[in-house]
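Colleague: here is the input, now give the coordinates:
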Amino acid sequence: MKISNWLVMRMYGMALWLYPAAFRAQYGVEMRDAVARLHAESSDDLRFVVELGWDVMKTSMREQLRFAGAPDPGFGVAFAVFFSGVLVAVSVGHQQWLRRAADQGPERLVASGQVAAGPSSELSSPAWLESSTPFVVRYDAAGRAMAGDVTLHGALPQPPKGIFDVIRQRGLYKVTWQPQRSIRVALVGEKLHDGGFVLAGQSLLQTETRVGRFDRWLLWMWGVMVAAVCVVVGRGMVRRTA
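Modeller: Predicted structure coming up:
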């Protein structure tokens, strides 16, 4: 997933305010230059942002303790709010990246326009739902299924007519289709030269499983961050009252 350098540096500039003023004055420019260079060299921007956020969380807290001795509650609130926002942004970005990736297989099938001679898979089967194998189906100008390599409960899948109306107006169309509660499909459709349509889709089960796993990891990170803030700020308040 590619994240613009402007956005990364803007976020990092805001994060630098979590460090003590003396530390920012001494090392701020050097830290900005280092992050800009590392981001330019990064091959996985999402992972880079997550690791950068984790590093800022640790080092800003450490420098607050070293320079200020005891962070006040205002720092704790700012710290928690900032990193909660970062983690939410990372979660949303990761979900969108995986969702776009799920469209790639169906897009290639739609671009080729090739449809298999007969069905070889069943959409409702666990084997297909747990796989990343895309299907492709051809429809006539009225949106009736004509041929394809997959079935849904024994018949060629028949998406809502509204999908074909949108394709007529927009051309290439990507949508999440849920024919039933247990089946969610990344669906891509395109209009053919003869007035018909070709639709291809891929199960979103793997994608949503990965999203859930990643979000649980972010939630764990958030919990560690909140606990650390509470401990450090709490100790600071004890020192001030001692």
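Colleague: longest helix of the protein?
Modeller: Looking across the chain with DSSP state H, the single longest helix is helix 205-241.
Colleague: and residue 88, how many neighbours?
Modeller: 12 (other CB atoms under 10 Å). C-betas here are computed from N, CA, C, even on glycine.
Colleague: cool, residue 66 as well?
Modeller: So residue 66, with other CB under 10 Å, has 11 neighbours.
Colleague: give me phi/psi at it?
Modeller: Dihedral pair for residue 66: phi -70, psi -40, per degrees, to the nearest 10.
Colleague: tell me the pLDDT of it.
Modeller: Note for residue 66: predicted pLDDT of 77.
Colleague: oh, and call the first residue 18 from now on, that's how I've got it
Modeller: Noted, 18 is the first residue going forward, which turns the last one into residue 83.
Colleague: and it, what does it touch?
Modeller: Residue 83 sits next to no residue when contact means CB atoms under 8 Å, 6 or more residues apart in numbering.
Colleague: what does residue 67 give?
Modeller: Residue 67 makes contact with residue 107, according to CB under 8 Å, 6+ apart.
Colleague: looking at it now. What's its pLDDT?
Modeller: As summarised for this prediction, residue 67 has a pLDDT of 80.
Colleague: quick check: the closest residue to residue 211 other than its chain neighbours vs residue 214, distance?
Modeller: Setting aside the residues directly before and after it, residue 211 is nearest to residue 158 in space (CB to CB, 6 or more residues apart in numbering), at 7.6 Å. Residue 158 sits 8 Å away from residue 214, taking CB to CB, to the nearest Å as the criterion.
Colleague: can you check residue 127 too?
Modeller: Residue 127 sits 10 Å away from residue 214, going by CB to CB.
Colleague: who touches both of those two?
Modeller: Common neighbours of residue 127 and residue 214 (criterion: CB under 8 Å, 6+ apart): 206, 207.
Colleague: tell me the phi and psi of residue 163?
Modeller: Torsion angles, degrees, to the nearest 10, at residue 163: phi -110, psi -50.
Colleague: what residues are up against the residue nearest to it when sequence neighbours are not counted?
Modeller: The shortest distance from residue 163 to any residue other than its chain neighbours is 5.0 Å, reached at residue 155 (CB to CB, 6+ apart). By CB under 8 Å, 6+ apart, residue 155 lies in contact with 132, 162, 163, 164, 165, 209, 213, 214, 215.
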